[in-house]
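Asker: Have a look; sequence and predicted model below, questions after that.
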Amino acid sequence: MQLPYALRALGHRLLGGVPVRIRSGTNRGRRWSLVALGRGYGSGSFGRDRTAALAAVTRPGDCLWDVGGHKGFMALAASRMVGPTGHVVTVEPSETNLRFLRMHLAWNRVDNATIVPVALGDAPGEAAFGGRGSSIAFRLGEGPETVPVRTLEGLVDEGALRAPDVLKLDVEGSEAAVLRGMGRLLGGDQALLISTHGRALYDECRALLEDHAFRIYPSWEIAQRIRTGRPWSSDHDMLAIGPEREVDERAILRLHLIAEHDR
């Protein structure tokens with residue numbers, strides 16, 4: 001059961017600045033806030049299948065965009081994947097999350113990452129942002145914050161950010177809009193890991209990517225739901241590999257995210 005907001009806010013103020021060590025996984029040994037240990041962050045198990053999929057398609061020196069950066073767990077992992085010659089761009093609009101994101105990158109002396117405090121979409125502007133419950137589910141069109149919205153293509157055109165070689169995209173239903181906002185930057189030597197929040201959104205994202213000759217690898221959960229007609233139970237992932245990016249396809253098909261195993 002979740003604590004009332006007032007108690008959670010008090011706990012964040014009192015204990016948010018207390019670091020502990022992540023116990024396992026790609027982020028093993030990294031410092032993480034005591035009040036943000038839930039959902040497997042402290043154990044290191046959070047998003048393990050997604051992290052392994054990103055590691056399988058990321059090369060040292062890549063620029064990896066983490067769109068929907070939340071509190072920085074994936075950005076910390078990505079900073080190790082791309083190495084000292086690569087870079088991470090982590091995009092997160094929520095002030096609630098940005099406090100932790102900045103703190104976690106600073107605590108761990110991550111010097112190959114840039115925080116971009118906006119939301120991404122298919123047109124620039126402003127929008128409400130937030131939601132009820134966990135901040136991991138905040139989305140555009142809800143909540144008390146008003147945040148700037150930019151397109152990925154527009155941000156890169158300003159000249160300060162590299163275009164993505166790898167993109168992790170999890171923005172609670174706005175994934176297709178972000179893809180449209182990539183414009184001419186979508187395609188070629190890229191790899192994308194996209195969370196989809198329903199069959200219609202999956203179909204829309206897949207069609208956009210196939211128009212740019214991406215190879216699509218749906219997760220075992222998506223494949224199972226398409227085969228059985230079962231509804232989406234949460235956000236389910238797809239890998240998309242651009243036509244110019246070389247990957248070990250056998251390794252991709254063996255990923256826990258993709259292979260059905262004995263489920």
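Answerer: Noted; the coordinates are in hand. In this text, all values refer to a predicted model and were calculated from it rather than measured experimentally.
Asker: could you measure residue 111 against residue 66, distance?
Answerer: Computed as C-beta to C-beta, to the nearest Å, the residue 111 to residue 66 distance reads 16 Å. No exception for glycine: its C-beta is placed from N, CA and C like everyone else's.
Asker: Settle it for me: which of the two has more neighbours?
Answerer: residue 66 (31 against 9; other C-beta atoms under 10 Å).
Asker: Next, the more buried one: secondary structure please.
Answerer: At residue 66 the chain is in strand, as set by DSSP: H, G, I helix; E, B strand; the rest coil.
Asker: Next up, the contacts around it.
Answerer: 74, 75, 78, 88, 89, 90, 91, 168 (C-beta atoms under 8 Å, 6 or more residues apart in numbering).
Asker: Tell me the bridge partners for it.
Answerer: residue 90, residue 168 (DSSP bridges).
Asker: For it, report the pLDDT, please.
Answerer: Looking at residue 66, its pLDDT reads 98.
Asker: Contacts made by stretch 81-91 with the rest, please.
Answerer: Against stretch 81-91 from outside (C-beta under 8 Å, 6+ apart): 26, 54-55, 58-69, 72, 74-75, 78-79, 101, 110, 112-116, 118-120, 161-162, 164.
Asker: Please, where are all the strands along the stretch 101-250 of the chain?
Answerer: 113-116, 119-120, 125-130, 139-140, 145-150, 166-169, 191-196, 215-218, 236-241 (DSSP state E, counting those that start in this stretch).
Asker: worst average pLDDT in those strands?
Answerer: Among the strands of the stretch 101-250 of the chain, strand 139-140 scores lowest, at a mean of 72.
Asker: what number of residues lie near residue 60?
Answerer: Neighbours of residue 60 (other C-beta under 10 Å): 10.
Asker: How about it: what's its closest non-neighbour residue?
Answerer: residue 83 (4.1 Å; C-beta to C-beta, 6 or more residues apart in numbering).
Asker: got it, and residue 145?
Answerer: residue 129 (4.7 Å).
Asker: pretty sure that neighbour is touching residue 96, no?
Answerer: No. Applying C-beta atoms under 8 Å, one finds residue 129 not in contact with residue 96, separated by 10.1 Å.
Asker: Give me the common contacts of the two.
Answerer: With C-beta under 8 Å, 6+ apart, residue 129 and residue 96 have common neighbours residue 138.
Asker: Among those two, which residue is more densely surrounded?
Answerer: More crowded of residue 129 and residue 96, by other C-beta under 10 Å: residue 129, with 22 against 17.
Asker: what pairs with the more buried one across the strands?
Answerer: residue 140, residue 145.
Asker: ok, now which ones touch it?
Answerer: 93, 94, 119, 138, 139, 140, 141, 142, 143, 145, 146, 147.
Asker: Return the members of those residues classed as buried.
Answerer: 93, 94, 119, 138, 139, 140, 143, 147 (16 or more other C-beta atoms under 10 Å).
Asker: for the stretch 101-250 of the chain, which spans come out with low pLDDT?
Answerer: The model of the stretch 101-250 of the chain has pLDDT under 70 over residues 132-137, 139, 141.
Asker: ok so, going back, could I get the strands of the stretch 101-250 of the chain as CSV with distance to residue 31?
Answerer: Compiled in CSV, the strands of the stretch 101-250 of the chain are given as follows (distance: least, C-beta to C-beta, whole Å):
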stretch, distance to residue 31
strand 113-116, 15
strand 119-120, 27
strand 125-130, 27
strand 139-140, 28
strand 145-150, 27
strand 166-169, 22
strand 191-196, 25
strand 215-218, 34
strand 236-241, 27
